[in-house]
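Chemist: Sequence first, predicted coordinates after that:
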2 protein chains.
Amino acid sequence: MAYDTATNTTQNALAPTLAGSFHFPTRVRFGRGSRAALPEVLAARRCLVLTSRGGRRRVEADPALGRALGEHDTVWLDRIEANPTIASLDELVAELRTDRWHDETIVAIGGGSVIDAAKAIAAGVAAGGAGLCAIARSPAVLDERELMPIVALPTTAGSGSEATPMAVVWHRTPGGGPGGGDGPAKVTLAHPRLYPAHAIVDAELTDTLSPHQTLATGLDAFNQAAESLWNRNANALTLPLAMRALALAWRALPELQRDPGDRVARDAMAEASLLAGAALAQTRTVVCHALSYPLTDRYGVTHGIACAFTMAPVVQLMLAGDDGRLGALAAVLLGPGVGAGALPDAFAAFLARLDVGEQVREAVGSLEALLALVPEVELPERGGSGLIDIDVRARTRIFEAAWGDGSGA
Amino acid sequence: MAYDTATNTTQNALAPTLAGSFHFPTRVRFGRGSRAALPEVLAARRCLVLTSRGGRRRVEADPALGRALGEHDTVWLDRIEANPTIASLDELVAELRTDRWHDETIVAIGGGSVIDAAKAIAAGVAAGGAGLCAIARSPAVLDERELMPIVALPTTAGSGSEATPMAVVWHRTPGGGPGGGDGPAKVTLAHPRLYPAHAIVDAELTDTLSPHQTLATGLDAFNQAAESLWNRNANALTLPLAMRALALAWRALPELQRDPGDRVARDAMAEASLLAGAALAQTRTVVCHALSYPLTDRYGVTHGIACAFTMAPVVQLMLAGDDGRLGALAAVLLGPGVGAGALPDAFAAFLARLDVGEQVREAVGSLEALLALVPEVELPERGGSGLIDIDVRARTRIFEAAWGDGSGA
């Protein structure tokens, strides 16, 4: 079976279709200025507005959003933290249930943590106080429930959470230090009802991100698109989305480090993030995400940086399972005629230029400390759904290679 | 603003994102053999099975579908005709309401007519006997209704109806001859609730189509992808879908005329049809569809042939409004370095090789008879949502050029 970008030229024969499934019910509006549609989307419904502390100030100061929400019957939850904990979310859910919230709209304006928190809250309220741990263990409890619809306005580009039915929440605050707890630190809620009802993807909301925020969130999108691409669950509908997201981020991310005011690049990253989310929603993540969580949990490495850290050695391993899609990616990123074998070095150079390895080395301190995280990586024994299985020895080799900024694993 | 396939090479600068909206809630399963999932999709629900007369025989003889439906509580409606009339559908709805059908599942197994009939029936039952003409005029009547969910299994590739919220129904039987009625012959129902809940796209169901059926339905998919591409409503999410559908059909359709047993080409057409439907669902059709309806209504020209008939002169006109997307299409279909200006002749040659003009000339008889249809074309005065407005004079020039099989309009 081979992936056919193929259909891009008349020179290649038709390649077999990659079978699979696809479900993406979110109503998307995207483009610069599209947040002006918020009043129309909300209609007359009462709504719960979720933001971070700083986020509320920015939303109220924004002409379009400030006016739209100012004229609305709203309650603000403006204390959503980065990497929200289960305890804090369960507490919010308990308060909302007491206040009889259940069929209103949640407006989530923020990064992935705020949108994920909205999903967790909607699930918690609908599940009648079951608690997020219980819902994560038995998501079927949501099968017959009506959840509060979510309107997601991402202010980063980004997590792609506006286009997925997943939410990551935490048992403890990441970065609490080594030995900070027992059991898995991170819990993923996943259920088709967690897709936001509406996503309004307006890159104008990302124009003021700092270069560091732009990079950290943008690398999350870039990595998610790659994880969806080198995934055994990828199919004919997800691969074009992932490929386009990678191509957009490949050029827009370095450009935004050079010129944070480049609006065309901001728009490209917003689109890349949305497409990566929609692709990832079908395939789920693979190895880079699994390897990243201990880095974030133990050393507070920002999610996007932690995910991108291992990409060069991971793509090196995936080459052995390539069915043509990595070759197509090389041609898209590096130019016609360039083969898949060039990807590991190209990824390593791309990430080195963005100081990814440097940031991880600084946070973790030593290769020994990094390798000590291998047992905490939550991947199935055989190694997940990548083109190649990533067993425990491979995980060590990936960390070693990433530490040295090299591409060989 | 320019469309950026762009992202396909490192040589081009980032082009602005085309803003827009996207909504495609249907749960899709696709791939050869995917119809084996039907029992899982239906679970224990009672269902209404829609087919054509011949379709029921083929479904019952099919091992996977025959067994799945045989073990189920089903009622068959096996008299769905090609281009179903409003009168016949309103009659079916009245019978179903008497029998108290309302929350069962409709399984539609057939071509576009069968799937469109399923949508019309679901709408008619939900609207409480309002009648399809009234629903078409005021689709908002469906806003708060729960429609019977539809599971669509297309047996052609195709209408793409499995991926759209639209249904075309007719006031009278097409091909009844000139002067056969007054008022518009064709009515389009459109409402977000008309998206099938599930689409199971299994190309194995198309393996036995005759070369003529393959061509007629395949040209519908090819044309729909093109109409979505040269559409002012196209955006960054629809263009990659339309582009890929065009590329797949461009190679698979001639191949299937040469070798109807080519399964890779069958799979490619099933994918093309699905993607074209999903793209078209967002943008709607433009000029070729509008020009086609009188041909089908008055002279019984098969829908796909009638739509494809005018594509060469239409693309010639659209060139004047190209923002880069037609150039990208030329590169995809004709090879790197080939410009958009080559598309009209390439389309004309492609369609001539498939005998499209010949079939229309035979059915209509004379250019005069063809031009007499111009006043019946239902397009807004200014000419629809194409890259270029198609006024009344342009419609005449398009018919003239298509009649001569030339590409100049």
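Modeler: Thanks, I have it.

Chemist: got a list of what residue A:85 touches?
Modeler: Residue A:85 sits next to A:169, A:170, A:171, A:172, A:173 when contact means Cβ atoms under 8 Å, 6 or more residues apart in numbering or on different chains. C-betas here are computed from N, CA, C, even on glycine.

Chemist: Next, it: phi, psi?
Modeler: Backbone torsions of residue A:85, given as degrees, to the nearest 10, read phi -90, psi 150.

Chemist: What pLDDT does the model give it?
Modeler: We note a pLDDT of 92 for residue A:85 in this prediction.

Chemist: Just the buried residues from the contacts of residue A:85, in PyMOL please.
Modeler: Only the buried members of the contacts of residue A:85 enter the following PyMOL selection, criterion being 16 or more other Cβ atoms under 10 Å in any protein chain shown:
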select buried, chain A and resi 169+170+171+172+173
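
Chemist: for the contacts of residue A:85, which one is nearest residue B:114?
Modeler: Within the contacts of residue A:85, the smallest distance to residue B:114 is 45.0 Å, found for residue A:169 (Cβ to Cβ).

Chemist: from memory the closest one sits against residue A:116, does it?
Modeler: Yes: under the criterion of Cβ atoms under 8 Å, residue A:169 makes contact with residue A:116 at 6.7 Å.

Chemist: Give the intersection of the neighbour lists for those two.
Modeler: Contacts common to residue A:169 and residue A:116, judged by Cβ under 8 Å, 6+ apart, are residue A:84.

Chemist: ok so, going back, would you list the contacts of residue A:85 in JSON lines and tack on secondary structure?
Modeler: Putting the contacts of residue A:85 into JSON lines (DSSP: H, G, I helix; E, B strand; the rest coil) gives the following:
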{"residue": "A:169", "secondary structure": "strand"}
{"residue": "A:170", "secondary structure": "strand"}
{"residue": "A:171", "secondary structure": "coil"}
{"residue": "A:172", "secondary structure": "coil"}
{"residue": "A:173", "secondary structure": "coil"}
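
Chemist: and which of the contacts of residue A:85 is nearest residue B:273?
Modeler: Looking across the contacts of residue A:85 and measuring by Cβ to Cβ, the closest to residue B:273 is residue A:169, at 40.3 Å.

Chemist: pLDDT score assigned to the closest one?
Modeler: Note for residue A:169: predicted pLDDT of 92.

Chemist: and what of residue A:117?
Modeler: 97.

Chemist: Checking my notes, it in a helix, right?
Modeler: Yes: counting by three-state DSSP, residue A:117 falls inside a helix.

Chemist: what's the neighbour count on it?
Modeler: Residue A:117: 27 surrounding residues under other Cβ atoms under 10 Å in any protein chain shown.

Chemist: Would you mind measuring from it to residue A:132?
Modeler: Per Cβ to Cβ, to the nearest Å, residue A:117 is found 10 Å from residue A:132.

Chemist: Quickly find the element holding residue A:361.
Modeler: helix A:356-364 (DSSP states H and E).

Chemist: Which residues does the helix or strand harbouring residue A:152 contact?
Modeler: Assigned by DSSP H and E, residue A:152 belongs to strand A:150-154. Here strand A:150-154 makes contact (Cβ under 8 Å, 6+ apart) with A:26, A:35, A:38, A:41-42, A:47, A:65, A:105-112, A:115, A:118-119, A:122, A:161-162, A:196-202, A:205-206, A:270, A:273.

Chemist: What strands line up against it, and which way round?
Modeler: strand A:105-110 (parallel), strand A:198-201 (parallel) (DSSP bridges).

Chemist: Mind putting these into a markdown table with mean neighbour count?
Modeler: Converted to a markdown table, the strands paired with strand A:150-154 look like this (neighbours: other Cβ atoms under 10 Å in any protein chain shown):
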| stretch | mean neighbour count |
| --- | --- |
| strand A:105-110 | 28 |
| strand A:198-201 | 26 |
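
Chemist: Which among the ones you listed is found nearest to residue B:353?
Modeler: strand A:198-201 (42.3 Å).

Chemist: what ranges do the strands span in chain A?
Modeler: With DSSP state E as the criterion, chain A has strands at A:20-30, A:47-50, A:74-77, A:105-110, A:150-154, A:166-170, A:186-190, A:198-201.

Chemist: Send me the fourth one as CSV with only the CA atoms.
Modeler: As requested, C-alpha coordinates have been extracted for strand A:105-110 and formatted as CSV (Å, rounded to 0.1, in the frame of the first residue of the first chain):
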residue,chain,number,x,y,z
THR,A,105,-23.1,27.3,25.9
ILE,A,106,-19.5,27.3,26.9
VAL,A,107,-17.4,29.8,25.2
ALA,A,108,-13.7,28.8,25.5
ILE,A,109,-11.3,31.6,24.5
GLY,A,110,-7.7,30.6,25.0
